[in-house]
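Participant: how would this look folded up:
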Amino acid sequence: MTNHTNIVLFACILIMLMLIPTQQILADERAKKGKCYIATGYVQDKRLAAAAAKELFINYDDFELFERSDKKVYLTIGKTDQKLFNQLKANKKTYGWNCSSGKGYLKRYSFDRDFNLVSGLKKFIDSESDYFSVIAPIEAEEKRLVDLEIQKQVEEQMRLAAIKKQEEEAAAEKERLRLLEIARNKQAEIDRLAALEKAKQAEIDRIAAQEKAKQAEIDRLAAQEEAKQAEIERLAAQEKAKQAEIKRLAEMEQLAAQLAAQQAEIERLNVPISNDSSFCIGFLGRLESLLEQAAENDSSVKLVVDDMAKVNMTLTLRKALKGAKADEIKSKEGFEFANKYMETNAVQEVMDSKSVSNRQIDSCVKLL
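Facilitator: Numbers count the residues shown, from 1 in each chain. As a prediction, this is how the structure comes out:
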């Protein structure tokens, strides 16, 4: 019974020892035959994975990372065909990377955008275009480094060219100063000769100035004589204007005398003053129209009309004519009467207390 138990126990232990490697093999992420993971390298601890990944310049979401039992973390860019990798390697496009079978890859990780490790997603490189899409940032960085080196070389060449240019400019400046000294000495001699010539010309100018001063005195005396003649002509013009004004005033006096004679003649004829209300409506209506026209044409007449308003003349006219239509006013005998005696100078007729018009106004105002 004891031997049987020992045999059974031994068999169980043997079976367990056989199963442990099998479980390990079944638990890792190794690739199938003909497939492999493009591994860029590994780090000893997953805390170092982010720094290593950033140095590769590959986008964070193109990584597929695996942790082994020894805590090493392998950085890959996904699973691909072994033949495709061999072709890329033959074309020197793999940057010294290898294609790993994935043996011992236990736990898969990915990066978030801040390169923090998160649960992993499977990545596949199915074609050259997929591969070149992943390594595009690397090639861009290489190009940047090449461009930077070229820029450094260009800047160095420019620096050397600048030094050479400075040396050439210094030599040119030295030669310029030498030629300038020669030119300065030559110019000094020219200036000396010019000064002699200038002194001669100054003497000529002095004599010419004396002659000019003599001519200026002659011109001054002539101008005085011309001014005297102009004053004589101005006084004559004033006298002529004075005579013209005297003549104008005399003509105005004569005209006033004629108007007075005409008024006297009208009064002599003893023009009748009408007390008819219909006549007065036509007469006063026309009078108001004539006064308004005169005020529009002459601002001084407006003052007279405004002054008349102060003695209620305008107010009286408007009150008397209230309700009278324009056609009614024009049909009255008084309308033509006003035209006959007042159209020439309505304001003067109104202001003249002795005129027929003024007497007719008084009569009509009293009547209305």
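Participant: what about the longest helix seen in the chain, average pLDDT?
Facilitator: For the chain, the longest helix by residue count, based on DSSP state H, is helix 128-268. Mean pLDDT, helix 128-268: 90.
Participant: how far off centre is it?
Facilitator: In terms of Cα atoms, centre = their mean, to the nearest Å, the centre of helix 128-268 is found 31 Å from the chain centre.
Participant: and for stretch 115-135?
Facilitator: 53 Å.
Participant: what does it rub up against?
Facilitator: 38, 46, 49-50, 53-54, 58-60, 62-66, 76-80, 84, 87-88, 93, 95, 107-112 (Cβ atoms under 8 Å, 6 or more residues apart in numbering). Every C-beta, even on glycine, is put in place using the N, C-alpha and C of the backbone.
Participant: again with stretch 68-76
Facilitator: 37-46, 48-49, 52-53, 56, 63-67, 100, 104-106, 109, 123.
Participant: can you do 6 Å?
Facilitator: Residues outside stretch 68-76 that contact it (Cβ atoms under 6 Å, 6 or more residues apart in numbering): 37-43, 46, 49, 64-67, 104, 106.
Participant: got it, and stretch 86-103?
Facilitator: Here stretch 86-103 has contacts from E29, R30, A31, C36, Y37, I38, A39, T40, F85, using Cβ under 6 Å, 6+ apart.
Participant: among those residues, the buried ones, what's the ChimeraX command?
Facilitator: The buried subset of the contacts of stretch 86-103, as determined by 16 or more other Cβ atoms under 10 Å, is captured in ChimeraX by this line:
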select :29,31,36,37,38,39,40,85
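Participant: could you give the mean pLDDT of stretch 91-109?
Facilitator: 94.
Participant: pull out the buried residues from that stretch.
Facilitator: Buried residues in stretch 91-109, counted by 16+ other Cβ under 10 Å: T94, W97, C99, S100, S101, G102, G104, Y105, K107, R108, Y109.
Participant: possible to save those residues as CSV with secondary structure and distance to I190?
Facilitator: Listed next are the buried residues of stretch 91-109 as CSV, based on DSSP: H, G, I helix; E, B strand; the rest coil; distance: Cβ to Cβ, whole Å:
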residue, secondary structure, distance to I190
T94, coil, 82
W97, coil, 83
C99, strand, 90
S100, strand, 92
S101, coil, 97
G102, coil, 97
G104, coil, 99
Y105, coil, 96
K107, strand, 98
R108, strand, 95
Y109, strand, 91
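Participant: closest to L196 among those residues?
Facilitator: T94 (92.4 Å; Cβ to Cβ).
Participant: any idea how far E169 is from that closest one?
Facilitator: Per Cβ to Cβ, to the nearest Å, T94 is found 53 Å from E169.
Participant: and A162, by the same measure?
Facilitator: 10 Å.
Participant: show me the contacts for the closest residue in space to K35 that isn't next to it in sequence.
Facilitator: Nearest residue to K35 in three dimensions, chain neighbours excluded: K79, at 5.7 Å (Cβ to Cβ, 6 or more residues apart in numbering). With contact set as Cβ under 6 Å, 6+ apart, K79 has these partners: A31, K35, Y37, F124.
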